[in-house]
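# Output the structure for:
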Amino acid sequence: MDLDTWRAGGRIFLYRGLEVLYRDEGDGPALLCIHGFPSASWDWHKLWPALTARFRVIAPDMLGFGLSAKPIHYAYSLRDQADLHEALLTTLGVASVDVLAHDYGDSVAQELLARQRERRDGLRLRSVCFLNGGLFPECHRPRPAQTLLRSPLGPLLARLISERRFAAGFAEVFGPHTRPSPDELHTVWLLNREHDGLRVAPKLIRYLDERRQQRQRWVEALQHSPVPLRFVNGAEDPVSGRHMADRYREIVPAPDVVLLEGIGHYPQLEAPQRVLDAFLPFVATASR
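Predicted coordinates for the structure are as follows:
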């Protein structure tokens, strides 16, 4: 699905007075899709027909991402993004959801899991399926560009990065035989350029520090989860691939891991049918 079509199907939700674009489509149990860094809800477009045939699928672009607002002076944090998702679901009258999360979105989902453990009311998660992401910060292997964005040179890098350099770095995290097409790379570039979005990347990248700060609480949320979990992992991902799945098996009791050989950091774009084959049977049994 091209970006113009994706945008046309979106709606606007105001969070702290800022415009958040989200998609809300389909009938059935509510499914919340939480995207990663540095992309947006468009990441789910290859799964969208199959998911919306079975679920009411809700997928926002988080603040600082995609087609949503990207204020330069905003205090971006993963916990605030979790607040955003809770506020959106409350506005939509949704009290319980299954969750499909990726990358940055994995940490948002961990925060939502931790909240469910800590309180008796509020949003109820029925199940959570993670795709590649830094569930354990000690195993996360940031790319050189991410390291530079976190440095004092970050604002300068954000101003100088070209589409060619951005596309080359983005493609490197895919599997060797499942690289994105030029059109897909251009779409992700446009999503980042929307609202002059690259300028907020040095602020967004501080999520790597927040992961370390919240590590114990978020890992305990996995170890003592009140709901079924599954980790679907593209094994060839240099950032959070096979090594992250191995760590998951070490730390999480009765680990449910599906390893996708030959696939990199973006399983939902690289191997959408294999993701559906792993996700749909899990959610059918886990959350009912």
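
# Show me the contact partners of the one helix or strand residue 110 maps to.
Assessed by DSSP states H and E, residue 110 sits inside helix 104-118. By Cβ atoms under 8 Å, 6 or more residues apart in numbering, the residues outside helix 104-118 that reach it are 33-37, 62, 78-79, 81-82, 85-86, 99, 101, 122-125, 128, 130-131, 133-135, 207, 210-211, 214, 217-218, 220-222, 224-227. In this view, the C-beta of every residue, glycine as well, is placed from N, C-alpha and C.

# Buried residues in that helix, which are they?
104-116 (16 or more other Cβ atoms under 10 Å).

# So which helix or strand of the chain has the lowest pLDDT on average?
Between all helices and strands in the chain, the lowest mean by mean pLDDT, DSSP states H and E belongs to helix 144-150, at a mean of 68.

# the inter-axis angle of the helix or strand containing residue 230 versus helix 104-118?
Using DSSP H and E, residue 230 sits in strand 229-234. Orientation check (axes from the mean of the first three to the mean of the last three Cα atoms, to 10 degrees): strand 229-234 against helix 104-118 gives 170 degrees.

# Which strands and helices lie in contact with the next helix or strand after strand 229-234?
Scanning forward in sequence from strand 229-234 by DSSP H and E, the next helix or strand is helix 242-251. Contacting helix 242-251 under the criterion 3 or more Cβ pairs under 8 Å, 6 or more residues apart in numbering; DSSP states H and E are the following elements: helix 215-223, strand 229-234, strand 257-260.

# please redo it, this time with the cut-off set to 6 Å
strand 257-260 (3 or more Cβ pairs under 6 Å, 6 or more residues apart in numbering; DSSP states H and E).

# CA atoms only: put whichever helix or strand comes after the strand it packs on into PDB for me.
Where DSSP H and E defines the elements, the next helix or strand beyond strand 257-260 is helix 267-270. Only the C-alpha atoms of helix 267-270 are listed here, as PDB (Å, rounded to 0.1, in the frame of the first residue of the first chain):
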ATOM      1  CA  PRO A 267       9.700  -9.400   9.700                       C
ATOM      2  CA  GLN A 268       6.400  -7.700   8.900                       C
ATOM      3  CA  LEU A 269       7.900  -6.200   5.800                       C
ATOM      4  CA  GLU A 270      10.300  -9.000   4.800                       C
END
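
# what's in contact with helix 267-270?
By Cβ atoms under 6 Å, 6 or more residues apart in numbering, the residues outside helix 267-270 that reach it are 43, 47, 131, 174, 175, 178, 234, 260, 263, 275.

# tally of neighbours for the second one?
Translated: residue 47. Using other Cβ atoms under 10 Å, residue 47 has 22 neighbouring residues.

# While we're on it, how confident is the model there?
At residue 47, the pLDDT value in this model is 98.

# Quick one: residues contacting it.
With Cβ under 6 Å, 6+ apart, residue 47 has these contacts: 268, 272.

# Does residue 12 belong to a helix, a strand or coil?
strand (DSSP: H, G, I helix; E, B strand; the rest coil).

# these two touch, right, it and residue 19?
Yes: using Cβ atoms under 6 Å, residue 12 makes contact with residue 19 at a distance of 5.2 Å.

# Low-confidence bits of this protein, can you list those?
Within the chain, the stretches with pLDDT under 70 are 143-145, 147-148, 150, 153-154, 156-158, 287-288.

# Apply 80 and report the result again.
Applying pLDDT under 80 to the chain flags residues 120, 140-160, 287-288.

# the helices in it, which residues?
Secondary structure of the chain by DSSP state H: the helices cover 3-8, 48-52, 78-91, 104-118, 144-150, 154-160, 163-171, 182-193, 201-204, 207-213, 215-223, 242-251, 267-270, 272-286.

# what about residue 12 and residue 19, which has more around it?
residue 19 (14 against 11).

# relative to helix 215-223, how tilted is the helix holding residue 110?
If you take the same axes, to 10 degrees, helix 104-118 sits at 80 degrees to helix 215-223.
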